[in-house]
Every structure is written in C-alpha cells, then in structure tokens.
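> heads up, no residue letters with this:
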C-alpha cells in the first residue's frame with residue numbers, strides 16, 4: 001500500500017506543470033553546458049601571426065567561441081597529445097626546418113618549423129662589439145662604420161638587424177581540452193587583468209573607439225583569448241561617470257601587457273621601402289558612416305567558386321604632406337593591367353606596431369598624384385551571400401580601425417594590474433564546491449533533526465544543486481566568463497535559496513495561526529509573499545553593484561540576481577509543488 005502511494009505521488013509530480021517547467025529548464029541547461037569529461041587533447045587558444053601554424057592554415061579561434069567548438073590537437077606525427085604536458089614535451093624536441101603533421105578534430109596540417117629572430121634597432125649613440133656583430137645574421141638596412149681599426153668596437157648608424165635566437169615555437173598557445181562549454185574566467189585559468197583609464201575625460205564614443213583600437217592591437221599580436229570591456233563607476237562632480245577599460249588576457253605576463261597596452265601605438269603605410277603616411281596626423285579622417293562606407297555599389301556581391309564574395313569601399317583623407325609623399329613614392333612605379341583595370345606594381349602595405357596587417361593595391365590613376373581624398377577597397381568571402389556580406393563588413397570595420405588606431409585618440413594610464421595564478425583559482429573552485437556540498441549536507445541534517453522527516457531534506461538538497469546547474473547553464477548559454485566573483489554570488493544566492501525553502505516548509509506544514517486554520521493554497525501564498533519581498537530587496541541591493549567599483553563587482557551582482565531569479569520563478573514553485581504533493585492530507 002505504501003509502495004502504491006509513493007508511485008502515485010511520483011506520477012503527480014511528473015504531471016505537475018511547475019515541476020515539468022523545472023525539469024525542462026534543467027535539461028536545457030545541461031545541453032548548454034554539454035559536459036564531456038572524456039575529452040582528451042589540447043585546445044588551440046591562440047595562433048601567433050606569421051608563425052608556422054598560421055602559415056599552415058590553422059585559424060585563430062574567435063574570442064567569443066564556445067570552448068567545445070575550438071580546434072583540438074589530437075596527435076602530432078601520429079603521437080597522441082593527451083594534455084599540455086605531452087604537447088610541450090614534443091615541441092621541446094623539434095629542430096629547425098623540420099616538417100611535422102598536426103592532426104586536429106578539424107583537419108590535418110603540415111607545419112615546417114622556423115628559425116626565430118630578435119629584432120635589433122641601433123642608432124648613432126649605440127655601439128656593438130665584433131662578437132655581437134658576428135651574432136647578427138642579417139642587416140636589413142643601414143651602414144656599419146668602423147670607428148677604430150685597432151679596437152674591437154663598431155658603431156652602427158640607423159641599423160635594423162635580426163639576431164638568431166634559436167628555434168621558433170609552432171606559434172600555438174594551447175590549454176587542456178575543455179570538458180564543458182562553460183568559459184572559465186581569468187581567475188580560474190590564469191593571466192593578467194588590467195584596469196585602464198583615459199588620461200582625460202572622454203565620451204562614450206571615444207571610449208568605444210579606444211576599445212576597438214586595443215582589440216585590434218591585441219589581435220595583431222596573436223592574442224584572441226581576451227576580454228576588453230568598458231566599465232564605469234559612480235558619476236563625477238559634473239554628473240559624468242568615470243570611464244575605464246577592463247582588459248583580461250589569459251596567459252600574458254605583466255611585462256607583455258605593459259608593452260601592448262601602455263603605449264599609444266604606431267601605425268604607418270609604406271609603398272616599397274618608403275613610408276607615405278602614419279596614423280594620427282597624416283590620416284586626418286576615416287569615414288565610418290553609411291554615406292561614404294559600406295558594400296561597394298559597383299561591385300556588390302556575386303557568386304564565386306565555393307561561395308560568394310562581396311566588396312567594400314570607404315574613403316579616407318590624408319594631410320597634404322602625406323599626399324605628396326604618396327605621389328613621390330608612386331611616380332616611377334609600373335602599371336599592371338588586369339581584367340580591364342590597372343594597378344601599380346607596388347602595393348600599399350599597412351603596419352601596426354611594426355606588424356603588417358594588410359596590403360592594398362594602388363589604383364593606376366593615383367600614380368604620381370598628390371591626392372588627399374582616396375578610396376580604400378577590399379572584399380570578404382562566405383559560403384552564402386549573407387555570410388559574405390557580414391564578413392565583408394567585418395573586414396571593413398577592422399581596416400577602418402587599423403587606419404584610425406595608429407595612435408590612440410587619448411593617452412591611457414594603467415590604474416591597476418592583477419596577476420592571476422591559475423593554481424590558486426582552481427584550488428578556490430575546488431574548495432568552494434566542497435564547502436557548498438558540506439553546507440547543503442549540514443542544512444539537510446539540521447532539517448531532518450528539526451522536522452523528523454527525511455523527505456524534507458532530500459528536495460532541498462536536490463533543488464539547491466539544480467539552482468547551481470541552472471545558473472552555470474545561463475553562463476554557458478550566453479558565453480559569459482565564470483570567475484571567482486560569480487562563484488561568490490552563486491554561494492550567496494544558494495544560501496538565500498535554502499532560506500526560502502525553509503520558509504516554504506514552515507508555512508506549508510503549519511496547521512494553524514492564532515486559531516485560524518489555513519488551506520494549502522493560503523499557506524503557500526503567504527510563504528511566497530515573504531519570499532518575493534526578500535527577492536525584490538536583494539535585487540535592488542545588487543543593482544548598484546553592477547556599476548560600482550569600476551564594474552569589477554559585476555560578476556558577483558549578476559550571478560546573485562540570476563540565481564535568485566531562477567529560484568523565485570522556477571525552482572521555488574517546483575519545490576512548493578513537491579512539498580504539497582508529499583505532505584498534503586497529513587495535516
């Protein structure tokens with residue numbers, strides 16, 4: 001008889017609308033997280049520009065791509081690569097000009113290892129010994145002058161040279177293969193967090209331009225696993241908020257971050273070996289509006305082999321001096337005719353911080369002419385016309401950013417640099433899980449002792465774990481980074497959830513108050529009035545933290561709001577339904 005009663009209650013639970021909604025959300029979030037604990041190999045986090053891996057065709061993953069969608073190295077030269085220790089052990093034994101085969105979950109690549117060089121820049125105030133001169137393999141430009149034939153000291157005049165420093169790595173930055181789609185924040189995977197502040201008050205548009213510039217600069221250096229976001233704190237004296245830029249770079253050192261971020265940068269364009277204009281003063285205007293930028297109306301989009309290609313066009317303005325330098329650099333170039341059009345024999349090459357980022361053909365009508373207003377063109381490819389148009393506009397925006405970001409519009413100061421150890425983060429995560437499990441077990445034990453009913457403790461434990469799962473699922477679904485602040489918010493919110501469930505138990509199992517007998521619906525309504533009042537108070541308290549402290553507490557506040565909202569609208573109603581089905585009729 002007891003067995004039939006329990007089966008009947010389970011059937012009622014599985015047909016209850018609130019419990020069904022709860023179970024659907026749990027399954028959906030499990031699909032978003034997609035746990036795959038059996039994953040082996042190493043995940044490609046970054047591909048360094050012009051490295052062996054980049055030349056072989058390995059693509060740099062998008063910064064916002066889900067972890068499980070990133071490329072995984074399975075073996076190298078048929079040797080299994082199960083973790084990063086296997087990878088770095090193998091790479092350590094490579095030789096220069098060695099051909100290797102890298103198999104990933106997306107294809108097979110042939111890489112040829114290269115020799116690594118260090119760029120040496122010397123001027124008239126610097127000297128170099130004979131021994132140091134022998135270590136310089138190639139002088140790119142300049143003249144070496146012998147100062148004193150009897151002394152082993154030589155002076156170099158405006159020399160840029162390359163010094164061999166041994167084997168270049170493959171150009172891959174890797175990590176162990178992910179086991180879920182949850183993106184770990186910087187606190188859990190290690191790296192550097194930097195808070196930047198413009199040296200003067202800037203508008204929101206200027207701040208966004210600086211963010212695009214910094215992203216482009218970091219991409220030039222092959223850094224894709226980054227977060228660059230605007231943050232702000234309370235308004236200042238005139239009502240304007242203090243604006244900051246928060247940068248998180250996984251795996252970068254403090255010195256590398258200072259080198260990449262603390263400079264206003266250098267952009268230049270060359271024709272042959274002549275610099276014709278530089279970013280900042282030489283590029284006086286870059287069009288970014290619909291009137292003078294977008295899909296090129298003359299070329300549009302059209303089918304090609306394997307997909308579609310679209311062309312873009314936008315205009316820029318040069319200073320008169322830069323226009324004259326371009327005229328001088330192009331007046332003696334040959335014209336190459338192709339498909340009814342002509343372009344000059346030397347392209348216009350764009351460099352950002354001495355790294356080549358683009359190469360453009362120069363139209364024949366610009367030969368030897370000092371033109372200040374010129375059009376920049378390019379294209380994008382995609383499997384469909386819509387994808388090609390999107391790729392084209394992204395390429396255009398990138399090039400516009402490069403042209404604008406020769407130097408940042410405003411100098412930036414480093415307010416704070418935090419070096420995060422992944423070991424500490426993972427240890428904290430492990431301790432947090434154990435503390436959470438022990439806390440739930442302790443609460444369950446106290447409830448069993450207090451109410452003398454074990455069936456009260458089981459739903460509380462299950463509901464608390466489900467709330468954690470749902471919250472993590474939200475982070476995985478939207479691609480947000482789960483960090484220590486989020487874990488702290490999760491712990492606080494789950495504690496609030498346990499408190500709410502105890503309120504539901506107290507109210508629903510209470511037979512009477514002041515001599516007045518309440519039905520189940522009235523008791524649950526009373527419990528939810530208390531819960532909803534507490535929910536509104538907690539959400540209102542968290543809202544200021546979304547912006548306070550330059551946004552660094554956003555993860556804590558956001559997680560708290562998400563979890564308490566999940567609890568009030570999904571798990572608490574389901575929990576109340578469970579309690580009602582289990583104990584209705586036992587008054």
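Nice, I can see it. Here the structure is a predicted model, which is why all the values come from computation and not from measurement. Numbering: from 1, shown residues only.

> remind me which residues of the stretch 301-450 of the chain are low pLDDT?
Applying pLDDT under 70 to the predicted model, the residue ranges of the stretch 301-450 of the chain that meet it are 339-341, 352-353, 357, 402, 404-409, 421-426.

> the strands in it, which residues?
Listed from the start of the chain, the stretch 301-450 of the chain has strands (DSSP state E, counting those that start in this stretch) covering 301-304, 307-318, 335-338, 341-344, 348-352, 355-360, 373-382, 412-420.

> all helices for the stretch 1-150 of the chain, in order.
Remark: helices assigned in the stretch 1-150 of the chain by DSSP state H, counting those that start in this stretch are 2-15, 17-33, 52-56, 84-92, 130-135.

> same question for the stretch 151-300 of the chain.
For the stretch 151-300 of the chain, the helices defined by DSSP H, counting those that start in this stretch cover 186-189, 204-220, 254-261.

> and the longest one, what does it pack onto?
Put plainly, it is helix 204-220. With contacts defined as 3 or more Cβ pairs under 8 Å, 6 or more residues apart in numbering; DSSP states H and E, the secondary structure elements packing on helix 204-220 are strand 191-198, strand 226-235, strand 241-250, helix 254-261, strand 348-352, strand 355-360, helix 385-404. In short, each C-beta sits where N, CA and C put it, glycine included.

> next one: the first one
When contacts are defined as 3+ Cβ pairs under 8 Å, 6+ apart, helix 186-189 sits against strand 241-250, helix 422-451, helix 484-508.

> can you give me the angle the shortest one makes with helix 422-451?
By that I understand strand 241-250. Between the direction of strand 241-250 and that of helix 422-451, the angle (axes from the mean of the first three to the mean of the last three Cα atoms, to 10 degrees) works out to 100 degrees.

> which helices and strands does strand 241-250 pack with?
With 3+ Cβ pairs under 8 Å, 6+ apart as the test, strand 241-250 has helix 186-189, strand 191-198, helix 204-220, strand 226-235, helix 254-261 packed against it.

> least reliable of these by average pLDDT, please.
For those, mean pLDDT drops lowest on helix 254-261, to a mean of 62.

> JSON lines for the helices and strands packed on helix 204-220, including distance to residue 83?
Rendered in JSON lines, the data for the helices and strands packed on helix 204-220 read as follows (distance: least, Cβ to Cβ, whole Å):
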{"stretch": "strand 191-198", "distance to residue 83": "19"}
{"stretch": "strand 226-235", "distance to residue 83": "24"}
{"stretch": "strand 241-250", "distance to residue 83": "17"}
{"stretch": "helix 254-261", "distance to residue 83": "24"}
{"stretch": "strand 348-352", "distance to residue 83": "35"}
{"stretch": "strand 355-360", "distance to residue 83": "31"}
{"stretch": "helix 385-404", "distance to residue 83": "34"}
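
> to residue 108, which of those lies closest?
Within the helices and strands packed on helix 204-220, the stretch nearest residue 108 is helix 385-404; the backing value is 25.1 Å (Cβ to Cβ).

> next, count neighbours for the residue nearest to residue 411 when sequence neighbours are not counted.
Setting aside the residues directly before and after it, residue 411 is nearest to residue 199 in space (Cβ to Cβ, 6 or more residues apart in numbering), at 4.3 Å. Neighbours of residue 199 under the rule other Cβ atoms under 10 Å: 10.

> do you know how far residue 199 is from residue 410?
When Cβ to Cβ, to the nearest Å is the yardstick, residue 199 and residue 410 sit 6 Å from each other.

> and if you look at residue 206?
7 Å.

> what's the domain layout of the chain?
Structural domains of the chain, as assigned by automatic domain parsing, span the residue ranges 2-35+422-583, 42-114, 116-167, 191-264+412-419, 267-404.

> output the ones you listed in JSON lines; the columns should cover distance to residue 181.
Compiled in JSON lines, those are given as follows (distance: least, Cβ to Cβ, whole Å):
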{"stretch": "domain 2-35+422-583", "distance to residue 181": "5"}
{"stretch": "domain 42-114", "distance to residue 181": "5"}
{"stretch": "domain 116-167", "distance to residue 181": "35"}
{"stretch": "domain 191-264+412-419", "distance to residue 181": "15"}
{"stretch": "domain 267-404", "distance to residue 181": "23"}
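
> and residue 174, which of those is closest to it?
Smallest distance to residue 174 across the domains of the chain (Cβ to Cβ): 4.2 Å, for domain 42-114.

> what average pLDDT does that closest one get?
With pLDDT averaged residue by residue, domain 42-114 scores 85.

> so how far is the first residue of that domain from its last?
One end of domain 42-114 to the other measures 22 Å (Cα to Cα, to the nearest Å).

> and if you look at stretch 355-373?
Across its full length, stretch 355-373 reaches 25 Å between end residues, using Cα to Cα.

> can you point out the buried residues in that stretch?
Neighbour-count burial for stretch 355-373 flags 357, 358, 361, 362, 363, 364, 366, 367, 372 (criterion: 16 or more other Cβ atoms under 10 Å).

> so the third one makes contact with residue 345?
No - taking Cβ atoms under 8 Å as the definition, residue 361 is not a contact partner of residue 345, at 9.8 Å.

> circling back to that earlier point, deepest of the helices of the stretch 1-150 of the chain, which one?
Looking across the helices of the stretch 1-150 of the chain with neighbours counted as mean count of other Cβ atoms under 10 Å, the highest average goes to helix 52-56: a mean of 20.

> from the contact counts, what lies against that one?
If you count contacts as 3+ Cβ pairs under 8 Å, 6+ apart, helix 52-56 packs onto strand 107-112.

> and the strand it packs on, which residues are buried?
Counting neighbours by 16+ other Cβ under 10 Å, one finds that the buried residues in strand 107-112 are 109, 111.

> check stretch 205-214 too.
206, 207, 209, 210, 211, 212, 213, 214.

> bridging residues for residue 271?
For residue 271, the residues forming beta bridges with it (DSSP bridges) are residue 274, residue 348.

> if I look at it, how far off is residue 507?
Using Cβ to Cβ, residue 271 is found at 79 Å from residue 507.

> what does residue 381 give?
Counting by Cβ to Cβ - residue 381 and residue 507 are separated by 63 Å.

> what of residue 389?
Distance check for residue 389 against residue 507: by Cβ to Cβ, it reads 58 Å.

> residue 349 now?
With distances defined as Cβ to Cβ, the gap from residue 349 to residue 507 amounts to 73 Å.

> check residue 477 too.
For residue 477, the distance to residue 507 equals 33 Å [Cβ to Cβ].

> the two: who's more crowded?
Comparing residue 477 with residue 507 by other Cβ under 10 Å, the one with more neighbours is residue 507, at 22 against 16.

> the nearest residue to the more buried one once chain neighbours are set aside: neighbouring residues, count only.
In this structure, residue 507 finds its nearest non-sequential neighbour in residue 527, 3.8 Å apart by Cβ to Cβ, 6+ apart. Around residue 527 sit 23 other residues, with neighbours defined as other Cβ under 10 Å.

> buried set for the strand or helix carrying residue 527?
Using DSSP states H and E, residue 527 sits within helix 520-542. For helix 520-542, a neighbour-count test (16+ other Cβ under 10 Å) marks 523, 524, 526, 527, 528, 531, 534, 535, 538, 542 as buried.

> what's the burial count for the closest residue to the last one other than its chain neighbours?
Residue nearest to residue 542 in three dimensions, not counting chain neighbours: residue 557, with 4.3 Å by Cβ to Cβ, 6+ apart. Other residues near residue 557 come to 22 when the count uses other Cβ under 10 Å.

> and the angle from the helix or strand containing residue 557 to strand 241-250?
In this assignment (DSSP H and E), residue 557 forms part of helix 554-566. Calculated by the same axes, to 10 degrees, helix 554-566 forms an angle of 90 degrees with strand 241-250.

> report the contact partners of residue 494.
436, 464, 467, 468, 563 (Cβ atoms under 8 Å, 6 or more residues apart in numbering).

> tell me the confidence at it?
At residue 494 the predicted local distance difference test score is 77.
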